[in-house]
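[1] I'll drop the sequence and a predicted model, then ask my questions.
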Amino acid sequence: MKKLQGHQLYTIGITALFTGMRLGEILALRDQCLDLDRGVIKVQEALEPVGREIRFKAPKTASGRRNISLPKVVIDALRTHRRELLELRMRLGLGWRKEDLVFSSPEGQPLHSGDVSGAWSKFADQAHIPEVTFHALRHTHVSWLIAHGVDVVTISKRLGHANPNITLGTYAHLFDADDSKVAKAINEAFGS
């Protein structure tokens, strides 16, 4: 996070790291899907590159349409980003509408995920963290949730997986194999 401070990818990176959203979902995020007062992002669509063209599409599954609660660091970053983007668009004589993309060119055009991934790779190399791909931010998010005891159903819903089996299939190795919590629960239930 410290290496990202002040970088043009800060808000996109922080959003990925602390929400687990896919890059295509972040790039398709519209202002009307942000409720920063309540601390919620509504994932409604994703961007999909088709060569150099970009198309909007529904999320991978029906579960992909979801609400994601935001920690303060993301709310603060998105508020700052929104203000700076609005100021830029006003200086350029462009208006602002709720259906505009949160992450776009100054003119409001969608960003290509390949360009963002390339910029991320360049940043990661310069920051001496070349093994951290953009998609690794999603995996890091999940790793933190698992390490802090968040249940697989909640994680699966947050990621937009069709069911928890997909989450388990990908992240099962991260769940603690220690089942001492089971013995403790039984002991508590029976007064031992």
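    Everything's here; your move.
[2] top helix in this structure by residue count?
    helix 72-91 (DSSP state H).
[3] Might you report the residue contacts of D37?
    Not one residue lies near D37 by C-beta atoms under 8 Å, 6 or more residues apart in numbering. The way it works is simple: take the backbone N, C-alpha and C, and place the C-beta from them, glycine included.
[4] So it versus R79, what's the distance?
    Between D37 and R79 the computed distance is 10 Å (C-beta to C-beta, to the nearest Å).
[5] repeat for A185
    To R79, A185 is 42 Å away according to C-beta to C-beta.
[6] A46 now?
    23 Å.
[7] ok, these two, which is more surrounded?
    Counted by other C-beta atoms under 10 Å, A46 and R79 do not tie: A46 has more neighbours, with 23 against 13.
[8] Confirm for me that the more buried one is in contact with R30.
    No - using C-beta atoms under 8 Å, A46 is not in contact with R30; the gap is 11.8 Å.
[9] List the buried residues in the strand or helix carrying K184.
    If you go by DSSP states H and E, K184 is part of helix 180-189. Residues of helix 180-189 classed as buried by neighbour count (16 or more other C-beta atoms under 10 Å): none.
[10] Please save the CA atoms from it in CSV.
    Only the C-alpha atoms of helix 180-189 are listed here, as CSV (Å, rounded to 0.1, in the frame of the first residue of the first chain):
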residue,chain,number,x,y,z
SER,A,180,-9.5,-27.5,17.8
LYS,A,181,-12.4,-25.1,17.5
VAL,A,182,-14.7,-28.1,17.1
ALA,A,183,-13.5,-29.7,20.4
LYS,A,184,-13.8,-26.3,22.1
ALA,A,185,-17.4,-25.9,20.8
ILE,A,186,-18.4,-29.3,22.0
ASN,A,187,-16.8,-28.7,25.4
GLU,A,188,-18.7,-25.4,25.7
ALA,A,189,-22.0,-27.0,24.7
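[11] That one - contacts with which helices or strands?
    Using 3 or more C-beta pairs under 8 Å, 6 or more residues apart in numbering; DSSP states H and E, no helix or strand is in contact with helix 180-189.
[12] from now on call the first residue 38
    Okay, using 38 as the starting number, the last item reads as helix 217-226.
[13] How far off centre is that helix?
    The chain centre lies 35 Å from the centre of helix 217-226; the measure is C-alpha atoms, centre = their mean, to the nearest Å.
[14] where does D74 land in three-state SS?
    Three-state call for D74 (DSSP: H, G, I helix; E, B strand; the rest coil): coil.
[15] per-residue pLDDT, it?
    pLDDT recorded at D74 is 97.
[16] Can you tell me how far it is from A83?
    As judged by C-beta to C-beta, D74 and A83 stand 25 Å apart.
[17] low pLDDT regions in this protein?
    Within the chain, the set of residues satisfying pLDDT under 70 comprises 213-215, 229.
[18] which residues of it fall in strands?
    Using DSSP state E, the strands of the chain run over 71-72, 77-80, 83-87, 90-94, 103-106.
[19] Kindly reformat those as CSV containing distance to Y208.
    As requested, those are exported to CSV (distance: least, C-beta to C-beta, whole Å):
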stretch, distance to Y208
strand 71-72, 27
strand 77-80, 19
strand 83-87, 21
strand 90-94, 25
strand 103-106, 18
